[in-house]
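In: Fold the following and give me the result.
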Amino acid sequence: MSSATAEPRPEHRNPAGWLWRSFREFRRTRPFWGGLLAMVAGGPILYFPYAHLSLGGVTIAMSTTAGAGSLIIGVLLILLGFTAWFQPAVRIFAGVATTLLTLVSIPVSNLAGFGMALLPGLIGGGLMMAWAPVPQAVETAETVETAEEYRAAETAGAAEAVDPAAAEAATARIPAVPAQGEPPAEDTAPSAAGGTVPQQAGEPKEVR
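Out: Sure, this is the predicted structure:
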C-alpha cells in the first residue's frame, strides 16, 4: 500500500498530538503564564510558616502568629491563578489582587517566603493585567451587503466601459474626414429667402 492510498489516521490514534494541540489552544486563549506564576508564588508563602526544617539534628519550626495570614495569602494566590485560567474576563482584577497580595506578604509572611514569591507574584500579576485576547474579524450582515453592492456597481461600471453599442454610437457622432484627393463637401450659405444655397468650394465666401 502506497502513501497515496493509505487511510488517514484518526485523531484518537495519536493521543499525544491531540493532548498537545488541546494544551496549546488552552494556553493561547487565556493568561496562562500569569496564572501559573501566581500559583508558583503561593507555594513558598504557604510552605515556610508550616515547615519543620532540620539543621544539625535541631528541628526549626517557623509557625508564628503570622501563619494564618500566610495561609490566607497563599491560598488566595493559588485561587487567583486558577481564576485567570478559567475566567479570563476577570484577568484585570486577578492581576491587581495578585500584585497587592504579593506586596502584603512581605511584612506578613516571612518576607514573601524569603523572597521566593516576590518576583513570581509581581511578574504574574503584571502578565495577567497585560494579557488581551486576539481580536477576531467579525463581519456583520450590513458590512457584507455593502461589500456586495460595491462589487456589483464596480462590475456594472466595467461592463458599461467596454459596451460595444456605446462605442459604436460614439463613433457615429464623429464627423467623417474626406480622403486625400477627394473634393471637400459643399458648404451651404444662407439665402435671402431663409433657405440655404450650395456654394462651391472654389468660390469665395461673401463677407458682410
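In: Please give the number of neighbouring residues around F23.
Out: Residue crowding around F23 was assessed by other C-beta atoms under 10 Å; the count is 11. The way it works is simple: take the backbone N, C-alpha and C, and place the C-beta from them, glycine included.
In: and it, what helix or strand is that in?
Out: Assigned by DSSP states H and E, F23 belongs to helix 15-28.
In: as a whole number, average confidence for that helix?
Out: What helix 15-28 shows for mean pLDDT is 88.
In: How about stretch 68-88?
Out: pLDDT averaged over stretch 68-88 gives 91.
In: Ok, stretch 45-58 next?
Out: On average, stretch 45-58 scores 75.
In: First residue to last residue on that stretch, what's the distance there?
Out: One end of stretch 45-58 to the other measures 23 Å (C-alpha to C-alpha, to the nearest Å).
In: Low-confidence regions, this protein specifically.
Out: 1-13, 52-55, 57, 59-66, 136-148, 150, 153-154, 156-208 (pLDDT under 70).
In: Which parts of it are strands?
Out: Secondary structure of the chain (DSSP state E): strands at 52-55, 58-61, 187-190, 196-199.
In: thinking again about what came up before, kindly format the C-alpha coordinates of the helix holding F23 as CSV.
Out: Listed next in CSV are the C-alpha coordinates belonging to helix 15-28 (Å, rounded to 0.1, in the frame of the first residue of the first chain):
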residue,chain,number,x,y,z
PRO,A,15,-3.3,10.9,21.9
ALA,A,16,-0.1,12.7,22.4
GLY,A,17,-0.6,15.0,19.4
TRP,A,18,-4.3,15.6,20.5
LEU,A,19,-3.2,16.5,24.0
TRP,A,20,-0.6,18.9,22.8
ARG,A,21,-3.0,20.7,20.4
SER,A,22,-5.6,21.0,23.2
PHE,A,23,-3.0,22.3,25.6
ARG,A,24,-1.7,24.8,23.0
GLU,A,25,-5.3,26.0,22.3
PHE,A,26,-5.9,26.3,26.1
ARG,A,27,-2.7,28.3,26.6
ARG,A,28,-3.3,30.8,23.8
